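Enquirer: could you look at this predicted model? Sequence included:
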Amino acid sequence: MIRPEEITDIIKGKIEKFVPDSELSELGQVLQVGDGIARVYGLSGAVINELVEFEGGVAGMVLNVERENVGCVVMGSDSQIREGDRVKRTGRVLEVPVGDALIGRVVDPLGNPLDGKGPIAAGKRRPVEIIAPGVVARQPVREPLSTGIKAIDSMVPIGRGQRELIIGDRQTGKTAIAVDAIINQRNEPKETRPICIYVAIGQKESTVARVARTLEENGAMEYSIIVTAAAAKPASLLYLAPYSGCAMGEEFMWNGRHVLIIYDDLSKHAQAYRQMSLLLRRPPGREAYPGDVFYLHSRLLERACKLSSKNGGGSLTALPVIETQANDVTAYIPTNVISITDGQIYLESNLFHSGIRPAVNVGVSVSRVGGSAQSKGMRQVAGRLRLDLAQYNELAAFAQFGSDLDKSSLDQLKRGQRMVEMLKQDQYRPMATEEQIAVLFAGVRGHLDDIEVPLVRRFEAGLLDRMKEKYPKLLPDIAEKKALDADLEARLVTVIDEFKKEFLSRN
Amino acid sequence: MKASERTLARRYAAAYMSYGTGTPSRMVSPADAAGESAARLEALRRLERAVAPALPLLTRPLVPVRLKLEILEKACPGKDLVRALALAALLVRTGRLGLLGETAAQCALLADEAAGVLRAEVTSRYPLSDAERAGLEKALSAFSGRKAVVSNTISEKVLGGFEAGFGGFLLDATLLGRLARLRKKITT
Ligand SMILES: Nc1ncnc2c1ncn2[C@@H]1O[C@H](COP(=O)(O)OP(=O)(O)OP(=O)(O)O)[C@@H](O)[C@H]1O
Ligand SMILES: [Mg+2]
């Protein structure tokens, strides 16, 4: 709680330090305003992306510089602005507050608090748009970023500093994966735990509220920031949201810390930009998007990186989300973002509806750089997993025709069914890496083959409980060694056998 | 007014002011250019006053153009308005006589530019004293390299102090502005 006296002191300090001065500014005049766009006469010195101030304090950003007038987007309500109003140049680009004070808060893209927890005492501001760090400032991805989701951590591993796209139709669990990834960071040691930034672009207020509550309930808000521009906000704020979220993340990254940022979702971001561009009368191109819509996302996603050790070794991992229509990944925006990112997680509605949740299509999902960051233990179990699943999918197609299969094929089929079952995972239940390794070990080594498919998940849960109760050192040992050696494998087999005997006799 | 209209008015103004003078820098001395500009502006102002009573008729779309041109000519007899009349006739023919006022305003800016004059509009709570006015003119002349001419309006809105608008700039030394800046400092 902030005490009233403290506030008074802060205000007093500010008043004392205030030097009343005159102010010289370049002045323009509103010619036309509407749809969140203002045309301003004058301001001939204004540059693209410069912040301008309308009479009454509403901010705007210059997007078009034309002969004798500039086109601005209004960052807020344009109903206060009238024709003939004065517009001031500020000589600054748009900046947002950054730093630790934002952690645990819900803010709008300008950094104003939306959670009713009082003002944000951020000492520092950062420009919203910067040029991404160059080649020499970076280094290849090398630490894993665990999402706590078995299907992803094992087969589509993500590294810190990577850009991994989450793509799928509506209601396929895209947001769920992002939220689980945030919740899972609680399992990380505090020193290296990523700060998580969830940027909600054009979502329903209720959806954002739900995410905020979920993070709160799971104790994840203490290392998270939510930046939101809801669907009913002006397009300019939707446009701005990912850049300001990224600026907040960069502050941590340049201080040597790790950041996980989620852009949910960039389809709506592109639509907001299209709206602005059309109103600014820029020529429309494919699907009526303006010509520079590729650059819109490339300059954003390029800002995700792993900094070199000389620069502190911080990282910014981006998980952009794209919503497709009827699984069409060849539409304009999906193809653009696919080509910019380092890999994709494909979610499919038919998988989702047939109960395979998370609905990751592991056959086509890829991670181009995360593999080198995957822990050795995970690699040991995951290599087999991908192969098993691929063979299973091939056979499953055959099996549908009821053709006779030989014994080894039947075994493959059996194994695959259990793997698919094992990769299912409930929402808000991210698993620590060592738990994932233990469970996947049981699967790929065939220890689940004699468990009935519907019982697999119950077995999995029971097995983990047993390990924690009776062999409390086993999981921490796996976590510490990061790889499975002969000793650990033997110990794993012991528990699995022991528990399976009991489990089979009970069921 | 639409952005496009103002742009148009500016172009008409530029054409009207430079038509027939050749390239000012090479063919006309600066003093001549200033004199010519002032004369043309004056002519346009006179025409504006002369057609003012007929303006509702002249801007009505249903009145035939031929009739409008007749009215225009009747309103401005005399040889010295020939150029201004040609501009007005052009505006009538293109259906843009509504731009006449804005065009004249833009011409005034061009004439000021040609004469090296910077017009500053000062709004203050109390009338400027002669010394204040002279001081301000001197400072503005030094700032812009042009001869500053200050006009003064009184307004209670500024609360105290003054503000000066000149050539796309605003110098804000009002109490209102200071209070606004203080509020901003406290709230951010
Ligand atoms: N692993 C899971 N297990 C069970 N239910 C899940 C799982 N993941 C998501 N769901 C449920 O599926 C529904 C859709 O999930 P979510 O909102 O994450 O999808 P989305 O793709 O982000 O949807 P939208 O297109 O609306 O943004 C939610 O009701 C969520 O609770
Ligand atoms: Mg969603």
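Expert: Everything's here; your move. Ligands and ions are numbered 1, 2, ... in the order given.
Enquirer: how's chain B carved up into domains?
Expert: B:3-112, B:117-187 (automatic domain parsing).
Enquirer: where does the prediction get shaky in chain B?
Expert: Counting by pLDDT under 70, chain B has low-confidence residues at B:1-3, B:21-31, B:188.
Enquirer: mind listing what A:Lys268 touches?
Expert: A:Ile201, A:Gly202, A:Gln203, A:Ala231, A:Leu238, A:Glu323 (C-beta atoms under 8 Å, 6 or more residues apart in numbering or on different chains). Just so you know, the C-beta spots here come from the backbone N, C-alpha and C atoms, and that holds for glycine as well.
Enquirer: go again using 6 Å as the cut-off
Expert: Applying C-beta atoms under 6 Å, 6 or more residues apart in numbering or on different chains, we find A:Lys268 in contact with A:Ile201, A:Gly202.
Enquirer: name the helix or strand for it, please.
Expert: helix A:266-279 (DSSP states H and E).
Enquirer: avg pLDDT for that helix?
Expert: Mean pLDDT, computed over helix A:266-279, is 95.
Enquirer: which one of the domains of chain B lies closest to chain A?
Expert: domain B:117-187 (3.6 Å; C-beta to the nearest C-beta).
Enquirer: how about the closest one, does it get close to chain A?
Expert: Yes: judged by C-beta under 6 Å from any C-beta of the partner chain, domain B:117-187 and chain A are in contact via B:Gly168, B:Phe169, B:Leu170, B:Leu171, B:Asp172, B:Ala173, B:Arg178, B:Leu182, B:Lys185, B:Ile186.
Enquirer: what's the span of stretch B:50-58, first residue to last?
Expert: In stretch B:50-58, first residue to last residue: 12 Å (C-alpha to C-alpha, to the nearest Å).
Enquirer: follow-up on the earlier one: give me the subset of the residues of domain B:117-187 next to chain A lying in helices.
Expert: Among these, DSSP state H puts B:Arg178, B:Leu182, B:Lys185, B:Ile186 in helices.
Enquirer: which of those residues ranks first by neighbour count?
Expert: B:Arg178 (20 neighbours; other C-beta atoms under 10 Å in any protein chain shown).
Enquirer: these two touch, right, that residue and A:Asp21?
Expert: No: with contact defined as C-beta atoms under 6 Å, B:Arg178 does not reach A:Asp21; the gap is 7.7 Å.
Enquirer: ok, and the closest non-adjacent residue to B:Leu41?
Expert: B:Ala111 (4.4 Å; C-beta to C-beta, 6 or more residues apart in numbering or on different chains).
Enquirer: one more: A:Arg299?
Expert: A:Ala132 (6.8 Å).
Enquirer: residues contacting stretch A:42-61, please?
Expert: A:26, A:28-29, A:62, A:70, A:72-76, A:80-81, A:85-90, A:92-94, A:129, B:168.
Enquirer: just the buried members of the residues you listed?
Expert: A:26, A:28-29, A:62, A:70, A:72-76, A:81, A:85-89, A:93-94, A:129, B:168 (16 or more other C-beta atoms under 10 Å in any protein chain shown).
Enquirer: so of those residues, which ones are in strands?
Expert: Counting by DSSP state E, those place A:26, A:28-29, A:62, A:70, A:72-75, A:86-89, A:93 in strands.
Enquirer: of these, closest to chain B?
Expert: The closest of these, once distances to chain B are taken by C-beta to the nearest C-beta, is A:Glu26, at 5.7 Å.
Enquirer: who's in contact with the closest one?
Expert: A:Gly45, A:Arg89, B:Gly168, B:Phe169.
Enquirer: how close does the second one get to ligand 1?
Expert: For A:Arg89, the distance to ligand 1 under the criterion C-beta to the nearest ligand atom, to the nearest Å works out to 39 Å.
Enquirer: could you pull out the strands for the stretch 201-350 of chain A?
Expert: In the stretch 201-350 of chain A, the segments counted as strands under DSSP state E, counting those that start in this stretch are A:224-229, A:258-264, A:315-323, A:343-347.
Enquirer: would you reformat those as CSV and include mean neighbour count and distance to ligand 1?
Expert: CSV is the format used below for the strands of the stretch 201-350 of chain A (neighbours: other C-beta atoms under 10 Å in any protein chain shown; distance: least, C-beta to the nearest ligand atom, whole Å):
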stretch, mean neighbour count, distance to ligand 1
strand A:224-229, 27, 14
strand A:258-264, 28, 7
strand A:315-323, 27, 6
strand A:343-347, 24, 7
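Enquirer: tell me which of those strands lies nearest to A:Arg457.
Expert: Shortest separation from A:Arg457 across these is recorded for strand A:343-347, at 20.0 Å, computed as C-beta to C-beta.
Enquirer: what's that closest one packed up against?
Expert: strand A:165-168 (3 or more C-beta pairs under 6 Å, 6 or more residues apart in numbering or on different chains; DSSP states H and E).
Enquirer: if we use 8 Å, what do you get?
Expert: Counting contacts by 3 or more C-beta pairs under 8 Å, 6 or more residues apart in numbering or on different chains; DSSP states H and E, strand A:343-347 is packed against strand A:165-168, helix A:174-184, strand A:366-367.
Enquirer: angle of that strand against strand A:315-323?
Expert: Interaxial angle, strand A:343-347 versus strand A:315-323 (axes from the mean of the first three to the mean of the last three C-alpha atoms, to 10 degrees): 40 degrees.
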